[in-house]
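Asks: quick check, what structure comes out for this input:
(chains A and B)
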Amino acid sequence: MMADFLNQFLEFSLVGIASGGIYVLAALGFVIIFKATNIFNFATGEMMMFGTYLFYLVDTQLGLGWVTGLGAALIGSAALAMALERSLLRPLIGRPAVVLVLVTLGISSMLRGVATLIWGPDVRQLTEILPRKPIFLGNILIPGKLAWGFIIVGIVAGLFMAYYRFSRAGTAIRATSTDQITAESLGINIRGVFLLSWGLAGLLTCASGVITGAVNGVTPQLGGVALNVLAVVMLAGMTSVGGVVIAGLFVGWIETISGAYLGASWQSFIPYLVVLVVMVVKPTGLFGERRIERI
Amino acid sequence: MSHPVTSPARAANPVIGRPSAMAEAAAWGLVALGLLVLPAFGSVFVIYMACLIAINVIATVGLNLTVGYTGLLSIGHSAFLGVGAYASALMWIHLGTPLAINIVVGAAMAFAVGLVFGLPALRIKGVYLAIATLAAQYSLYFIFQQWTPVTGGDRGLSLPKFDIFGLGDTGFYYAVAITTLITTFAARNLFRTRIGRSFIAVREKDYAAEVLGINVVHTKLIAFGIGAAYAGIAGALLAAFLRIVNPDQFTLNVSVFFLAAVVVGGRASIVGSILGAIFMTLMPEMLRFVLEHAAGSGADLAGLLSPLREIVFGALIVGFLIFEPRGLSGIVERMFGRSEAVEARQSEH
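Replies: Here you go, the predicted structure:
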């Protein structure tokens, strides 16, 4: 009895952690924009969704194969993100935070509408890019797509973090997030950093979207997943790139566990409980900078 | 320092002078008269739309108190409409109380629930309220949907017919019209009181407001609570109007609708809220009209309409914020030749 329960719990846990990997990439896309530009991007999920549809368009609808599809989706998402920054958010620099957040909400509504208009409201299945064969760890079974998705997430997140840590551009982003004026006076091109961070967020959200889509298919509502990403970001502390990884896996885990033991409808509710608890107990999140001001 | 804002501000402010006050009173009178005689001329559809617009006006004014005047972003406004709707529906079904009491209870419940979600977020500076209200949106939807014994789950609650003033649908219309007039007028006058002015002070510069002796956290909480209470009033009316309450009336899309109404009408403007609510309520109808003529018959209009609505909502929010930050009220004021100096002085929020 006990062993069975333990086994099952372990299985759910591993599945949860693997699905949490998806949140990690999207949350990194959110954090990079927030750090560099101070914009709270509510369109993160819709950027994910749109990248996935681009992949679907090139891979399945145009029949160009998944390698071309992935390349086109990544480039397209980055280009779209940069275009949004340049055309809609750049003119609003210096306006109050409320205005910028409202604009990202407007963008998310537009992207959702455009995707529904083009691809319709129904689920579209992507081609099988991830192996379906389940992986066994002793008695524990992990669905193959999830496991491989998790591995890919790990690689992408690792690459991104190395880039962020060691490259010149990554250093420029970090300098900008620390102090914009000082960074600018030291010769860093702030506008370039803004564009770059949106471009990177486009790449990250697209990658996370394609992996999500490969597991569950894609609908215009895929962006709703990103609302869980907010829970991840809150838990990690808004500005912590490393914390996002741990928080993402945790949120994925607790979501799956609560879904398995309490029923599926709890799944959509638990992340918000996490948000509220974090806000009450520790608004800086687990790994956040002490940037938060109480009044 | 008992009246930090009023007297100097009024002396330097040519707009709140006597002549415009006369004009304003005349405008209020005209609106009230128009609402009074509307049922004599309007068809059933016109009365239906008028009720819907009036209810949306209340909700939009409430959101504008929070977003426009106090600068706090709430993206879960429709959840508080839901609280008011469910509270009043339950009162009516189980206790059979009159509509006026249901409205008050709906407002009080929405206020209380608003405080529960606002309290953790408003102690912290920044856009945390946006996240907390998003959490409210999803948590309350979850409760509406799952607490089946009370809320009726997905199927929701059906309400028996109200009969107000013994006039049937027209009576209900008058109830809505009167409530809308009172709440809108109250919101307008709120900004002549200490509380209302402290909202604006907090928005403009919270540190300065604190130095002036305003308790910033209290002020934010009250502003957010009043906004939620307005949503509760609108929700209570909506429940009585549609005579059905279910979770799908209170989704994120509806909240975005009200945000769009605030932005399109003009933030921090009561007239703007009214214009915005009218515009946004009629917009889907206009869209349908245009589509029907453009696409001809037989096209899949329903499938086209809802994504188009999302695109137009989003585009309106973005477009107005970039090109006309003061919304329709800004356009109207320019048409009536308010001086540019006034506009320049009203710094952006």
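
Asks: am I right that residue A:50 is in contact with residue A:77?
Replies: Yes: with contact defined as C-beta atoms under 8 Å, residue A:50 reaches residue A:77; the gap is 6.8 Å. The way it works is simple: take the backbone N, C-alpha and C, and place the C-beta from them, glycine included.

Asks: what's the burial count for residue B:312?
Replies: 20 (other C-beta atoms under 10 Å in any protein chain shown).

Asks: and residue B:128, by the same measure?
Replies: For residue B:128, the neighbour count with other C-beta under 10 Å is 22.

Asks: kindly report the same for residue A:165.
Replies: Neighbour count for residue A:165, taken as other C-beta under 10 Å: 12.

Asks: and the helix or strand where it lies, what does it pack onto?
Replies: In the assignment (DSSP states H and E), residue A:165 maps to helix A:144-166. For helix A:144-166, the packing partners by 3 or more C-beta pairs under 8 Å, 6 or more residues apart in numbering or on different chains; DSSP states H and E come out as helix A:2-37, helix A:168-178, helix A:190-216, helix A:241-262.

Asks: winner for burial among the ones you listed?
Replies: Among the helices and strands packed on helix A:144-166, ranked by average contacts under mean count of other C-beta atoms under 10 Å in any protein chain shown, first place goes to helix A:190-216 (a mean of 24).

Asks: near chain B, anything from that one?
Replies: No: using C-beta under 8 Å from any C-beta of the partner chain, we find that helix A:190-216 stays clear of chain B, coming within 15.6 Å at best.

Asks: which parts of the stretch 51-200 of chain B sit against chain A?
Replies: Residues of the stretch 51-200 of chain B lying near chain A (C-beta under 8 Å from any C-beta): B:67, B:71-73, B:75, B:117, B:120-121, B:123-128, B:130-132, B:134-135, B:138-139, B:142, B:145-146.

Asks: rewinding a little: in the helix holding residue A:165, what counts as buried?
Replies: A:145-150, A:152-153, A:156-157, A:160-161, A:164 (16 or more other C-beta atoms under 10 Å in any protein chain shown).

Asks: of these, which pair is most distant in space?
Replies: Largest separation among these by C-beta to C-beta: A:145 and A:164, giving 27.6 Å.

Asks: ok, the residue lying closest to residue A:145 once chain neighbours are set aside to residue A:156 distance?
Replies: Distances taken as C-beta to C-beta, 6 or more residues apart in numbering or on different chains place residue A:130 nearest to residue A:145, at 4.4 Å, with adjacent residues excluded. According to C-beta to C-beta, to the nearest Å, residue A:130 and residue A:156 sit 14 Å apart.

Asks: try residue B:201
Replies: Distance from residue B:201 to residue A:156, by C-beta to C-beta: 47 Å.

Asks: with residue B:312 instead?
Replies: From residue B:312 across to residue A:156, the span is 36 Å (C-beta to C-beta).

Asks: next: residue B:331.
Replies: Per C-beta to C-beta, residue B:331 is found 47 Å from residue A:156.

Asks: for stretch B:246-259, which outside residues touch it?
Replies: By C-beta atoms under 8 Å, 6 or more residues apart in numbering or on different chains, the list of residues contacting stretch B:246-259 from outside reads A:102, A:105, A:109, B:56, B:59-60, B:63, B:67, B:74-79, B:81-82, B:85, B:134, B:137, B:140-141, B:144-145, B:151-152, B:154-157, B:238, B:242, B:280, B:310, B:313-314, B:317.

Asks: of those residues, grab the buried ones for ChimeraX.
Replies: Selecting only the buried entries of those in ChimeraX, with 16+ other C-beta under 10 Å as the criterion:
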select /A:102,105,109 /B:56,59,60,63,67,74,75,76,77,78,79,81,82,85,134,137,140,141,144,145,151,152,156,157,238,242,280,310,313,314,317
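
Asks: in strands, which of the contacts of stretch B:246-259 fall?
Replies: With strands defined by DSSP state E, the entries of the contacts of stretch B:246-259 inside them are residue B:157.
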